[in-house]
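**Q** Attaching a predicted model along with its sequence, questions to come.
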Amino acid sequence: MMFWLICGATALIVTGVLVLPLLRRDGATTGREADLSVYRDQLATLDAEVARGAVAQEEADATRIELSRRLIVAGAQIERRGAMVPVTLNRWAIGATMLTVLLLGTGAYVLLGSPGQPDAPLAQRIVAAEAMREATQRPPQSFVEALHAAQSPAPELSERDADLIAQLAAVVAARPTDLEGRRLLARSYMQLGKYLEGKTIQAEVVALAGETASADDLAALAEFMIVAAGGYVSPEAEAVLERALSVAPDDPWARYYLGRARAQTGDIDAARSILAELAGDDATPAYLRDAARNDLTMFTGPDAQDIDAAAQLDAEAQREMVEGMVGGLAQRLNTEGGTPAEWARLIRSYDVLGQDADADAAHAKARAIFAQDPAALTVLGDRE
């Protein structure tokens, strides 16, 4: 009821603002009426001025003629102004304005609004606002991926593994709609520790499947995103988990990682509830039950201090933080040298930041440094 009262009052205010000019008297007409009053007063006092000798009779006659002429002109102008905007027309304009505002406003709300929507309780709105605030304060997936890449050594692949994964990637690239091939490639990347690559390929699986993406594919994507971020459940990963649970509410992996997400956002009670259900459910895979039981005693997350600090920064400051870390690593490697794994980490960090030219330069320099070390060259790999 209060909503409709507010809408009605607003409509009346708007209508009043629009109608007010139609109620005002014309400024020019009001000025002419003031002139008429002045002219009449001057005529009334003219004879008195002649009687006391202040004005000669001839001058008084000329003045009376001029004042009379001005009275006639002013009166005619007032009549014309009045004829231009009749009172009846003003009344029609006022009525049309009121109807237009009220009917158009009501019609637009009926078409575009939600007339049947009940009032949201204050507590519910507070919870929704708090959830939105927390979501905007949590670092995004890309930032934590870059942070984790800058802190983690690149995986060391054997020559055989590097060749096999390259062959599989080439086959999959030649088959744009091969879902099964991409699933295999994503899992292979994850097993070899190439988490960013595995996450990217699994995202292609979900994108190709579209609305028909299975809960397994969605849960796998969320898991790979979390692993690529060092265990952090980003808002983007949480959205994928929610989608997986909308398809299969009992999916154990999606429930497990959702519990981890609740723990990381400080909702420990919700996290304990989810993980306790998994730990006590015989249908939960044994290794997942053990993980849930372990998390019930200690909720862990990667680089929690860095993530908490990053939550207070805007996107530009977050990127500067990562670039500062990567720049420090680059300076140390360029001045003091480092291991092949450290050079591979620098190259991967540049890739995550989208600094392709720097990544290419670092890769070329590292390969030149380790040109005589086949094992190091395998760690560095080739750039596409």
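**A** Ah, there it is. Residues are numbered from 1 along each chain as shown.
**Q** contacts, neighbours, all on C-alpha from now
**A** Fine.
**Q** Skip the chain neighbours and tell me the closest residue to residue 179.
**A** Among residues not flanking residue 179 along the chain, residue 205 sits closest, at 5.8 Å (C-alpha to C-alpha, 6 or more residues apart in numbering).
**Q** from memory that neighbour sits against residue 182, does it?
**A** Yes: with contact defined as C-alpha atoms under 8 Å, residue 205 counts as touching residue 182 (6.4 Å).
**Q** Under the pLDDT cut-off, which ranges of the stretch 101-250 of the chain? List them.
**A** Along the stretch 101-250 of the chain, the model assigns pLDDT under 70 to residues 101-102, 105, 107-137.
**Q** Show me what secondary structure element comes after the helix or strand hosting residue 342.
**A** In this structure, residue 342 is located in helix 340-353 according to DSSP states H and E. Note on helix 340-353: by DSSP H and E, the next helix or strand toward the C-terminus is helix 356-369.
**Q** list the buried ones in that following helix?
**A** Buried residues in helix 356-369, counted by 16 or more other C-alpha atoms under 10 Å: 358-360, 362-363, 366-367.
**Q** With pLDDT added, can I get those in a markdown table?
**A** Converted to a markdown table, these look like this (pLDDT from 0 to 100):
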| residue | pLDDT |
| --- | --- |
| 358 | 88 |
| 359 | 87 |
| 360 | 88 |
| 362 | 88 |
| 363 | 88 |
| 366 | 88 |
| 367 | 87 |
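**Q** How many residues are close by the spatially closest residue to residue 145 that is not a sequence neighbour?
**A** Closest residue to residue 145 apart from its sequence neighbours, by C-alpha to C-alpha, 6+ apart: residue 229 at 4.5 Å. By other C-alpha atoms under 10 Å, 26 other residues sit near residue 229.
**Q** before we move on, what about residue 184?
**A** For residue 184, using other C-alpha under 10 Å, the count is 17.
**Q** just use 564 as the starting number from now, easier for me
**A** With 564 as the first residue, the last one maps to residue 747.
**Q** Secondary structure element holding it?
**A** With DSSP H and E as the criterion, residue 747 is inside helix 742-754.
**Q** Now the next helix-or-strand element following that helix: buried residues?
**A** Counting by DSSP H and E, the next helix or strand C-terminal to helix 742-754 is helix 758-772. Buried residues in helix 758-772, counted by 16+ other C-alpha under 10 Å: 758-769.
**Q** Distance to residue 905 for the residues you listed - can I get that in JSON lines?
**A** Converted to JSON lines, the buried residues of helix 758-772 look like this (distance: C-alpha to C-alpha, whole Å):
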{"residue": "758", "distance to residue 905": "17"}
{"residue": "759", "distance to residue 905": "17"}
{"residue": "760", "distance to residue 905": "18"}
{"residue": "761", "distance to residue 905": "21"}
{"residue": "762", "distance to residue 905": "22"}
{"residue": "763", "distance to residue 905": "23"}
{"residue": "764", "distance to residue 905": "25"}
{"residue": "765", "distance to residue 905": "27"}
{"residue": "766", "distance to residue 905": "27"}
{"residue": "767", "distance to residue 905": "29"}
{"residue": "768", "distance to residue 905": "31"}
{"residue": "769", "distance to residue 905": "32"}
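**Q** Quick check: the residue nearest to residue 708 touching residue 714?
**A** No: judged on C-alpha under 8 Å, residue 792 makes no contact with residue 714 at a distance of 11.0 Å.
**Q** Below-threshold pLDDT in the stretch 814-947 of the chain: ranges please.
**A** Using pLDDT under 70, the stretch 814-947 of the chain drops low at 860-878, 880-885, 887-888, 942, 947.
**Q** what comes into contact with whichever strand or helix holds residue 781?
**A** For residue 781, the element it lies in under DSSP H and E is helix 778-791. Contact with helix 778-791 is made by 704, 708, 711, 753, 758-759, 761-762, 765-766, 768-769, 795-797, 800-801, 803-804, 806-808, 810-811, 814, 816-817, 820, as judged by C-alpha atoms under 8 Å, 6 or more residues apart in numbering.
**Q** which element follows that helix toward the C-terminus?
**A** helix 798-810.
**Q** which helices and strands sit right next to that next one?
**A** helix 704-714, helix 778-791, helix 815-827 (3 or more C-alpha pairs under 8 Å, 6 or more residues apart in numbering; DSSP states H and E).
**Q** List the buried residues in it.
**A** Buried residues in helix 798-810, defined by neighbour count with 16+ other C-alpha under 10 Å: 798-801, 803-808, 810.
**Q** how much does it deviate in direction from helix 815-827?
**A** Angle, helix 798-810 to helix 815-827, by axes from the mean of the first three to the mean of the last three C-alpha atoms, to 10 degrees: 140 degrees.
**Q** and the angle from helix 798-810 to helix 704-714?
**A** Using the same axes, to 10 degrees: helix 798-810 against helix 704-714 is 120 degrees.
**Q** Send me helix 798-810 as CSV with only the CA atoms.
**A** Extracted in CSV, the C-alpha atoms of helix 798-810 (Å, rounded to 0.1, in the frame of the first residue of the first chain):
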residue,chain,number,x,y,z
PRO,A,798,33.2,-15.6,-7.3
GLU,A,799,33.5,-17.0,-10.9
ALA,A,800,34.2,-20.5,-9.7
GLU,A,801,31.4,-20.3,-7.1
ALA,A,802,29.0,-19.3,-10.0
VAL,A,803,30.1,-22.5,-11.9
LEU,A,804,29.5,-24.6,-8.7
GLU,A,805,26.0,-23.1,-8.3
ARG,A,806,25.3,-24.0,-11.9
ALA,A,807,26.5,-27.6,-11.4
LEU,A,808,24.3,-28.0,-8.4
SER,A,809,21.3,-26.7,-10.3
VAL,A,810,21.8,-29.6,-12.7
